[in-house]
Each structure stands twice: as C-alpha cells, then as structure tokens.
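Engineer: model this:
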Amino acid sequence: MSVVINTNSAATLASYHLSNSNVNLQRSLQRLSSGSRINSSFDDAGGLAVSMKMSAAIRRTDAAATNVGNAISFLQTQDGVLKTADKVLSRMSELATLAQDVTKSSDDIANYALEFETLTQQLIDFSSEEFNGVALFEGAGLTVATSEDGTTQTVGVTQSDINTNADLAVVVGYAGNDLTAANAATRGTEIQDAIVALGLLRATNGSEQSRLTFAEDMLKVNKTNLEAANSRIIDVDVAAESTQLARFNILQQSGTAMLAQANQASQSILKLLQ
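Structural biologist: Below is the predicted model of the structure:
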C-alpha cells in the first residue's frame, strides 16, 4: 500500500464506522429511555402501521366497555324502580284484602281507598323516572354498542312493554277509580296478576344485565389481548436492548480510539521527510 499525504483512507473508514456506532448508540438510548422499540417510522414502518391500528382498536374497546358499564347501571336503576313498584303493588294488594273485611266501616274502606288511589298515581309517576337525563322507560329501549366494531344491542323495559301488558295496564287504569268493598276482591286478583307480570319484566331486565355483564367481560379480555399483542410489536425488550447499548458503547469508544490512531499514523510520513 502506497504512503500518501492527501488522502487518509484509514481515518475516513474509522470515521464512517464511528458515525454508525454513534447513530446506533443514540437509537438504543432512545429505546431504553422511552420504553418503545419503535420511536419513528424509520425503526419499523410495518410494525408502526400495525401498532397504530391496534392502539385505535384498544381505545374503541375501552370506550365500548365504558358504554356497556353505563348501560348496566341504567338497567340496575331501572330494576330498582321496578322493585319499588313491586312493593307498591304488594301494598295495594294488601289494601284490597283489607277492604274486604266485613267488620270495616265505610269510613275505614274510604281510608284504604285514599291510599290505594295515591299508590296508583305513584305507579304512573314511576314512568317519568330518569337516568342521567335519559328516561328509564320511554322510547324503544336503550341501544348499546357491545363491541368495538359497532355491534349493538337494544336493552331495557320500555313504557310500551308496560302499556301492552294487559295485567299491568289494568292496574294503571285504576287512576281515578275508587277502591270499594264491592270491587276489592276483583282488584286483589288483578293486582296479583300484575305482580306476576311485573316479575316477568324484572326477569327480562335481569337477563339483559347478565348478557351485558358478559359482553363487558369479553371487551375487557379483548382489550388485554390487544394490549399484549401491541406490546410485542412496539415495546422494547429492555434486557436485549441493554446488551445492544453496551455493545454500541464499546464500538463508539473503540471507533474513537481507532480514528485517533488513523490520524496519528499519517504523521509517520514526516519521518521520511527528515
């Protein structure tokens, strides 16, 4: 190999390797400091694209789980109203039985009738109850997204369900009609039928709560799996990257030393000129 002054190929090559080592060292430091294997599209363009889609799916799944949880709260509140309605019907049934007591005076029965009428109105008032500004029983039910892809389910007992139920409609129709000794037995039988009908509505509500609870659980499982899959793509393996960091550190130091040696070697030419 010839000895020249204008070109120091050894120094140029050492500088090139040192530059690469510095770049790799900086990337390794960035991965370890951020905890992410992919910090820019340069690191892994395909992996970044997949990770972006998974991250969006995770956010949608989390939002759907929140929506389902709120719908369960809606149904629980609705069931609380139906449970109270059951207590009202039970008291009305009791009053109808008391009104059949032949030892009671007309004034006694009038007192029963007054409470009976008041409770009838309370049943009607239940239909106007709300949950966060949303009517509990109005409309066609509550439409809930049960998955991140937009699949929906309509849940909830509606006012239509109550109105179209003949047994419940009879009791609601008591408004303005007095309880008397003559109709007490009939009222009592009708109320017992209404209690059975109300039980079916509560069973419907309970089955929908059960279904949504499983849907919520499935969303949480899906979110966990998506996060695990995304982690394998984007998260840095700290143990492996720490090894790489040590390697690049050594390469940087040795590259710096070799560049200094290459620059020093060219000075040997001066001895030929002495």
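
Engineer: Output the below-cut-off pLDDT ranges for the chain.
Structural biologist: 1-3, 5, 266, 269-274 (pLDDT under 70).

Engineer: If you count contacts, what does the longest helix along it end up packed against?
Structural biologist: Secondary structure assigned by DSSP state H gives helix 45-98 as the longest helix of the chain. With contacts taken as 3 or more CB pairs under 8 Å, 6 or more residues apart in numbering; DSSP states H and E, helix 45-98 sits against helix 106-126, strand 130-131, strand 142-145, helix 184-234. For glycine as for every other residue, the C-beta is placed from the backbone atoms N, C-alpha and C.

Engineer: out of these, nearest to residue 22?
Structural biologist: Closest approach to residue 22 among the helices and strands packed on helix 45-98 (CB to CB): helix 184-234, 24.6 Å.

Engineer: Taking their axis directions, that closest one and helix 106-126 sit at what angle?
Structural biologist: On the basis of axes from the mean of the first three to the mean of the last three CA atoms, to 10 degrees, helix 184-234 is oriented at 20 degrees to helix 106-126.

Engineer: now helix 184-234 against helix 45-98, angle please.
Structural biologist: Using the same axes, to 10 degrees, helix 184-234 lies at 170 degrees relative to helix 45-98.

Engineer: which residues sit in contact with the closest residue in space to residue 142 that isn't next to it in sequence?
Structural biologist: Spatially, and ignoring its direct neighbours in sequence, residue 142 is nearest to residue 156 (4.5 Å; CB to CB, 6 or more residues apart in numbering). Contacts here follow CB atoms under 8 Å, 6 or more residues apart in numbering; on that basis residue 156 touches 74-75, 78, 136-137, 141-142, 205, 208.

Engineer: Equivalent analysis for residue 190, please.
Structural biologist: Contacts of residue 190 (CB under 8 Å, 6+ apart): 167, 170-171.

Engineer: Just say which of the helices and strands packed on helix 45-98 is most tucked in.
Structural biologist: The highest average neighbour count among those, using mean count of other CB atoms under 10 Å, belongs to strand 142-145 at a mean of 18.

Engineer: Tell me the buried residues in the helix or strand that comes right after that one?
Structural biologist: For strand 142-145, the succeeding helix or strand toward the C-terminus, using DSSP states H and E, is strand 152-155. Applying a neighbour-count criterion of 16 or more other CB atoms under 10 Å, one finds 153, 155 buried in strand 152-155.

Engineer: What helices and strands are in contact with strand 152-155?
Structural biologist: Applying 3+ CB pairs under 8 Å, 6+ apart, one finds that strand 152-155 contacts strand 142-145, helix 184-234.

Engineer: domain ranges for the chain?
Structural biologist: With domains defined by automatic domain parsing, the chain comprises 9-35+251-264, 45-234.

Engineer: Can you add distance to residue 245 and give these back as TSV?
Structural biologist: TSV is the format used below for the domains of the chain (distance: least, CB to CB, whole Å):
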stretch	distance to residue 245
domain 9-35+251-264	4
domain 45-234	19
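
Engineer: With respect to residue 244, which of these lies nearest?
Structural biologist: domain 9-35+251-264 (5.2 Å).

Engineer: circling back: helices - which of the contacts of residue 190 land there?
Structural biologist: When DSSP H defines the helices, the subset of the contacts of residue 190 inside them is 167, 170-171.

Engineer: any chance of the helices and strands packed on strand 152-155 in JSON lines, plus distance to residue 82?
Structural biologist: As requested, the helices and strands packed on strand 152-155 are exported to JSON lines (distance: least, CB to CB, whole Å):
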{"stretch": "strand 142-145", "distance to residue 82": "15"}
{"stretch": "helix 184-234", "distance to residue 82": "5"}
